[in-house]
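Asker: Build me a model:
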Amino acid sequence: MTNVHAQYREVYAPRTISKALLKALVEALVDFKPGLPTTSRKIQARAVSDGKTTDREGPESWKVTDPHSLAELEMVRVELSLASTEHRRCELHVEFRSGRIVLGVSDIETGWGKSVFEDMRNLLGALGISSKGLNEKFRRAYRFLDIYQNVLMMLSVAVFAVWLTGRERAYLYASLPLFVAGVMPIITRSCYFFSPRKRAPIFQETVAKSRNFPWAEATAVLSFLAGLLQLAKALVGIIW
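Answerer: Sure thing, here's the model as predicted:
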């Protein structure tokens with residue numbers, strides 16, 4: 001009989017979180033989805049820093065970071081294994097790295113995978129660990145603009161050329177925002193090249209709340225939308 005093995009995965013933007021949130025995460029996993037007919041539950045955690053690896057198991061596995069310097073942590077991984085029988089189990093993990101936070105669920109013949117994944121997404125959101133809200137929407141849209149920034153630059157030049165020919169202001173108003181949307185990813189990448197970002201720690205004892213509003217991303221996205229609106233307005237003017 002072939003095993004039914006389902007995988008679910010989601011990646012979030014990196015962020016520095018407090019050790020208190022790590023503790024809250026582990027404590028929440030102790031009683032995670034109590035209605036499942038499990039025969040065993042196992043919580044494990046691993047911390048890695050500068051070649052040093054520490055493993056802990058159980059409700060106090062959040063202390064896995066204690067032997068490490070928080071500033072040097074490279075990876076922290078929290079896992080929960082939910083077993084139905086010896087060969088049927090559902091495993092979830094949350095992995096913290098300096099470049100990303102990853103939620104993964106692996107389901108082998110239990111049928112719990114999708115439900116476990118969705119509930120875990122909600123838990124990470126409720127704890128404030130996963131990225132969400134307006135800031136994340138701007139960042140997601142900005143990644144789209146980053147991919148197509150060359151197309152946006154060419155489109156802005158084409159619209160500007162139309163303005164030079166017809167002298168209709170709507171085309172000028174459309175070309176300038178599209179140009180800004182296309183050039184913004186180039187500017188940000190250049191800034192990071194000449195002035196690289198300092199590596200943010202994965203965990204701190206306490207983390208002050210800050211908005212960290214993505215101004216560059218928001219500017220590019222709003223410019224793109226404004227350019228599309230003006231271009232649509234100009235095209236409607238031609239049709240009517």
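
Asker: Quick check: P185 touching A220?
Answerer: Yes. At 6.9 Å, P185 and A220 qualify as touching, with contact defined as C-beta atoms under 8 Å. All C-beta spots, glycine's among them, are computed from the backbone N, C-alpha and C.

Asker: Compare these two and say which is more crowded by neighbours.
Answerer: Each of P185 and A220 has its neighbours counted (other C-beta atoms under 10 Å); A220 has more, 28 against 22.

Asker: contacting residues around the more buried one?
Answerer: Listed by C-beta atoms under 8 Å, 6 or more residues apart in numbering, the contact set of A220 reads Y142, L145, V180, A181, M184, P185.

Asker: Please report how far the last one lies from F144.
Answerer: In this structure, P185 lies at 10 Å from F144, with C-beta to C-beta, to the nearest Å as the measure.

Asker: Show me the chain divided up by domain.
Answerer: Per the record, the chain has its domains at 5-131, 134-239, by automatic domain parsing.

Asker: and the last one, how far from the chain's centre?
Answerer: Spelled out, it's domain 134-239. Relative to the centre of its chain, domain 134-239 is centred 19 Å away, using C-alpha atoms, centre = their mean, to the nearest Å.

Asker: try stretch 83-97
Answerer: On C-alpha atoms, centre = their mean, the centre of stretch 83-97 falls 22 Å from the chain's centre.

Asker: measure it end to end?
Answerer: Using C-alpha to C-alpha, to the nearest Å, the end-to-end distance of stretch 83-97 comes to 27 Å.

Asker: Could you look up the next helix or strand downstream of the one helix or strand E91 maps to?
Answerer: Using DSSP states H and E, E91 sits in strand 89-97. The first helix or strand that comes after strand 89-97 along the chain, using DSSP H and E, is strand 101-108.

Asker: Tell me the buried residues in that next one?
Answerer: I101, L103, G104, V105, S106, D107, I108 (16 or more other C-beta atoms under 10 Å).

Asker: right, and V180 touches S223 too?
Answerer: Yes. Counting by C-beta under 8 Å, S223 is a contact partner of V180 at 4.1 Å.

Asker: Show me which of the two is the more surrounded one.
Answerer: S223 (22 against 19).

Asker: so how far is stretch 121-137 off the chain centroid?
Answerer: When distances are taken as C-alpha atoms, centre = their mean, stretch 121-137 is centred 9 Å away from the chain's centroid.

Asker: List the contacts of it.
Answerer: Taking contacts as C-beta under 8 Å, 6+ apart, the residues outside stretch 121-137 that touch it are 10, 12-13, 15, 17, 21, 24-25, 28, 32, 94, 101, 103, 139, 211-214.
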